[in-house]
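Peer 1: Generate a structure from the sequence data that follows.
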Amino acid sequence: MERQAKLYGGIVIGASLIAIGLYFFWAPSDLAAGGVSGLSIVIKALIPSIPLGVIIFVLDMIMFIIGFVALGKSFGAKSLICSITVSTIMTLLEWIWPNWQPISEDQLILLLFGGLFIAMGQAIVFNLEASSGGTDIIAKIMTRYMPLNIGTALMIADMIVVLLATMVFGLEKGLYAALGVIVVTQLIDYMIAGFNVQKYVIIVSSNEQKANEINEYILKVLERGTTLYKAEGGYSGEEKSIITTVIGRKEFLELKKQLMHVDRLAFMMVQNIHEVIGEGF
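Peer 2: Below you'll find the model as predicted:
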């Protein structure tokens, strides 16, 4: 129950960030940088009487049906919550701050800050195996059947919307929209990689007893696996005990403190790795 609450709470947070980026930065400046949100901005310009939140909701429902059929019930249910949250918050923002005007005349500032909010929101949602709806679902389907990462697939799907934006708003806005797609997709890949960062740790100790104590701490306290090696120091000729493990960032901080307490002379090397496949991960 608690896990489900955290899952859907994360989706709501991600959806809220997407809505903020759209309403306060992109929509007032006609920056239709891909996705259902971009397509909705184009439709809103053609039919101003329809609220933006309503347009997003209708288009998302169409894409949701596609995602439900192609990606399964779990993906569809989580994506539905995200889509409803985005459209609901957009509608509330239109009611609270109607006819919101751009906070800057600089299109690049609006593009970058709006893209930052949207990329953060989408990265959170994607990391929870959901989607914010729209072309995100198309991109998710593409990554399942084609050798593409999520950012590249999203870029391909979104460029179609950029072409429509160019036709409606002109070449300059279309170029800004294309830049927005590139910025957001790159940020999404970077942020998702950051969510999944693990630490590959190599500990070299010349004291077998202390090495065993460190190994026991990793196994029993951190509950992570280890691999043990015996080696010889190239300079000293002494026998060395080597421990390798893969742990999360929080666990790494705990291990670092424990290592300083148990064996201050131990040598530790650390690398960031972005994908781990196997038991426990």
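
Peer 1: What segments of the stretch 51-200 of the chain are helices?
Peer 2: For the stretch 51-200 of the chain, the helices defined by DSSP state H, counting those that start in this stretch cover 52-71, 73-96, 107-127, 135-145, 150-169, 171-195.

Peer 1: To Leu17, which of those lies closest?
Peer 2: helix 107-127 (3.3 Å; C-beta to C-beta). Every C-beta, even on glycine, is put in place using the N, C-alpha and C of the backbone.

Peer 1: okay, the angle between that closest one and helix 150-169?
Peer 2: Between the axes of helix 107-127 and helix 150-169, defined by axes from the mean of the first three to the mean of the last three C-alpha atoms, to 10 degrees, the angle is 140 degrees.

Peer 1: pLDDT below threshold where in the stretch 151-281 of the chain?
Peer 2: Scanning the stretch 151-281 of the chain with the threshold set as pLDDT under 70 gives 151, 280-281.

Peer 1: Pull the contacting residues for the residue sitting nearest the centre point of the chain.
Peer 2: With distances taken as C-alpha atoms, centre = their mean, Ala123 lies nearest the centre of the chain, 1.8 Å away. By C-beta atoms under 8 Å, 6 or more residues apart in numbering, the residues touching Ala123 are Gly14, Leu187, Ile188, Met191, Ile192, Phe195.

Peer 1: picking up where we left off before, so which of the helices of the stretch 51-200 of the chain gets nearest Tyr23?
Peer 2: Using C-beta to C-beta, those put helix 73-96 closest to Tyr23, at 4.5 Å.

Peer 1: Quick one: mean pLDDT for the closest one?
Peer 2: Helix 73-96 comes out with an average pLDDT of 80.

Peer 1: Output it as CSV, restricted to C-alpha atoms.
Peer 2: In CSV, the C-alpha atoms belonging to helix 73-96 read as follows (Å, rounded to 0.1, in the frame of the first residue of the first chain):
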residue,chain,number,x,y,z
LYS,A,73,-3.0,-2.5,-18.2
SER,A,74,-0.3,-1.4,-15.8
PHE,A,75,1.3,1.1,-18.1
GLY,A,76,-2.1,2.4,-19.1
ALA,A,77,-3.4,2.9,-15.6
LYS,A,78,-0.4,4.9,-14.5
SER,A,79,-0.4,6.9,-17.7
LEU,A,80,-4.1,7.7,-17.3
ILE,A,81,-3.5,9.1,-13.8
CYS,A,82,-0.6,11.2,-15.1
SER,A,83,-2.7,12.5,-18.1
ILE,A,84,-5.7,13.3,-15.9
THR,A,85,-3.4,15.2,-13.5
VAL,A,86,-1.7,17.2,-16.2
SER,A,87,-5.0,18.3,-17.8
THR,A,88,-6.7,18.9,-14.4
ILE,A,89,-3.8,21.2,-13.2
MET,A,90,-3.8,23.0,-16.6
THR,A,91,-7.5,23.6,-16.2
LEU,A,92,-7.1,24.9,-12.6
LEU,A,93,-4.3,27.2,-13.7
GLU,A,94,-6.4,28.6,-16.5
TRP,A,95,-9.1,29.3,-13.9
ILE,A,96,-6.8,30.8,-11.3
